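Undergrad: got a structure for you, letters missing:
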């Protein structure tokens, strides 16, 4: 008697979602630019007001 073939079982590999790298806060860059612009403007006002 020939043994009947057993059904093959396929296991799917579960792919874990990759953790994205932490992005820097883009508002931090904007804040630095605004602070620099205000400092330069204040320096200019003080330099030319006298």
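TA: Everything's here; your move. The structure presented is a predicted model; accordingly, all values stated were derived computationally and were not measured. Residues are numbered from 1 along each chain as shown.

Undergrad: any idea which helix or strand carries residue 18?
TA: Assigned by DSSP states H and E, residue 18 belongs to neither a helix nor a strand.

Undergrad: For residue 21, give me its contacts.
TA: Shown in contact with residue 21 (CB atoms under 8 Å, 6 or more residues apart in numbering): no residues. Backbone N, C-alpha and C define where each C-beta goes, glycine included.

Undergrad: what packs against the helix or strand that contains residue 47?
TA: Using DSSP H and E, residue 47 sits in helix 26-48. Using 3 or more CB pairs under 8 Å, 6 or more residues apart in numbering; DSSP states H and E as the contact test, no helix or strand touches helix 26-48.

Undergrad: What are the contacting residues of it?
TA: Counting by CB under 8 Å, 6+ apart, no residue sits against helix 26-48.

Undergrad: Let's see that with 10 Å instead.
TA: residue 25 (CB atoms under 10 Å, 6 or more residues apart in numbering).

Undergrad: helix/strand/coil for residue 24?
TA: Under DSSP: H, G, I helix; E, B strand; the rest coil, residue 24 falls in the coil class.

Undergrad: how near is it to residue 32?
TA: 12 Å (CB to CB, to the nearest Å).

Undergrad: do the same with residue 4
TA: Taking CB to CB as the measure, residue 4 falls 73 Å from residue 32.

Undergrad: Between those two, which is the more surrounded one?
TA: Neighbours were counted for residue 4 and for residue 32 using other CB atoms under 10 Å; residue 32 has more, 10 against 6.
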